[in-house]
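Enquirer: Need a 3D model of the sequence below.
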Amino acid sequence: MYRISTRLLLLVMTMLVSQTPAVSFADNVSEYTIKAAFIYNFARFTQWPDDGDELRVCIYGKDPFGSAIDKLNGKKSNNRTIKIVRTRLIEEVKTCHIVFLNIIPPERYLFQQALKTIDGANVLTISDAANVTDYGVMIGLRIDNNKVAFEVNNTVAQESNLEISSKLLRLAREVN
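Expert: The predicted structure is shown next:
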């Protein structure tokens, strides 16, 4: 198991904010630790139409993050407190602000079912499965040359009344 200090997590997040389009894997930093930092920044640079105090970040399906995502629990993003929720309940994804869809191949039908359940809700969808933005996921994480990068389907985000900052869109490898 990889460990990451708060200092290193802040460094990764700073690199994201400072216009670095992709973040390389560093010593002792796992892929999903970096992806957790990306999710934090996606939260910072997305506006939701509601003004609640809590920002629910859900992991739907098998949790690939482990304790890496737990470091976001209780942190603030745009005056909201992040709450990490792990769920396998399809009904619960609609109560999330952000949902990371991690569906393994034998359960692909759950992926489409989750997207159908979320359709029209103000939920930012993220996945690291191949070509997910083509299928209606808003942000697709991927590995390019040993670096974590992302693409955005901004059309779907806008249809869900989410506003992704132009700063974030400029960092994306591809915007649909």
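Enquirer: which residue is nearest the middle of the chain?
Expert: The residue lying closest to the centre of the chain (CA atoms, centre = their mean) is residue 39, at 3.8 Å.
Enquirer: does that one really touch residue 99, like I thought?
Expert: No: in this structure residue 39 lies outside contact range of residue 99 using CB atoms under 8 Å: 10.3 Å. Bear in mind the C-beta positions are built from the backbone N, C-alpha and C, glycine included.
Enquirer: joint contacts of those two?
Expert: 57, 126 (CB atoms under 8 Å, 6 or more residues apart in numbering).
Enquirer: Tally up the residues packed near residue 116, please.
Expert: 11 (other CB atoms under 10 Å).
Enquirer: Tell me the bridge partners for residue 98.
Expert: Beta bridges link residue 98 to residue 57, residue 124, judged by DSSP bridges.
Enquirer: what's the offset of the longest helix along the chain from the middle of its chain?
Expert: Taking DSSP state H as the criterion, the chain has its longest helix at helix 31-44. How far helix 31-44 lies from its chain's middle: 6 Å, per CA atoms, centre = their mean, to the nearest Å.
Enquirer: name the helices or strands packed onto that helix?
Expert: Helix 31-44 is packed against helix 6-17, strand 23-24, strand 54-61, strand 76-77, strand 98-102, strand 124-127, strand 139-144, strand 147-152, with contacts defined by 3 or more CB pairs under 8 Å, 6 or more residues apart in numbering; DSSP states H and E.
Enquirer: Quick check: next helix or strand after it?
Expert: strand 46-47 (DSSP states H and E).
Enquirer: Show me what that next one pairs with in its sheet, parallel or antiparallel.
Expert: By DSSP bridges, strand 46-47 pairs with strand 163-164 (antiparallel).
Enquirer: Give me the residues contacting the strand it pairs with.
Expert: 45-47, 138, 152, 154, 157.
Enquirer: Show the average pLDDT along that strand.
Expert: Across strand 163-164, the average pLDDT comes to 96.
Enquirer: then the helix or strand following it to PDB, C-alphas only?
Expert: Next helix or strand after strand 163-164 toward the C-terminus (DSSP H and E): helix 166-171. Written as PDB, here are the backbone C-alpha positions of helix 166-171 (Å, rounded to 0.1, in the frame of the first residue of the first chain):
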ATOM      1  CA  SER A 166     -12.800  27.300 -18.300                       C
ATOM      2  CA  LYS A 167      -9.500  27.000 -16.300                       C
ATOM      3  CA  LEU A 168     -10.200  23.300 -15.900                       C
ATOM      4  CA  LEU A 169     -11.400  22.900 -19.500                       C
ATOM      5  CA  ARG A 170      -8.100  24.300 -20.700                       C
ATOM      6  CA  LEU A 171      -6.200  21.600 -18.800                       C
END
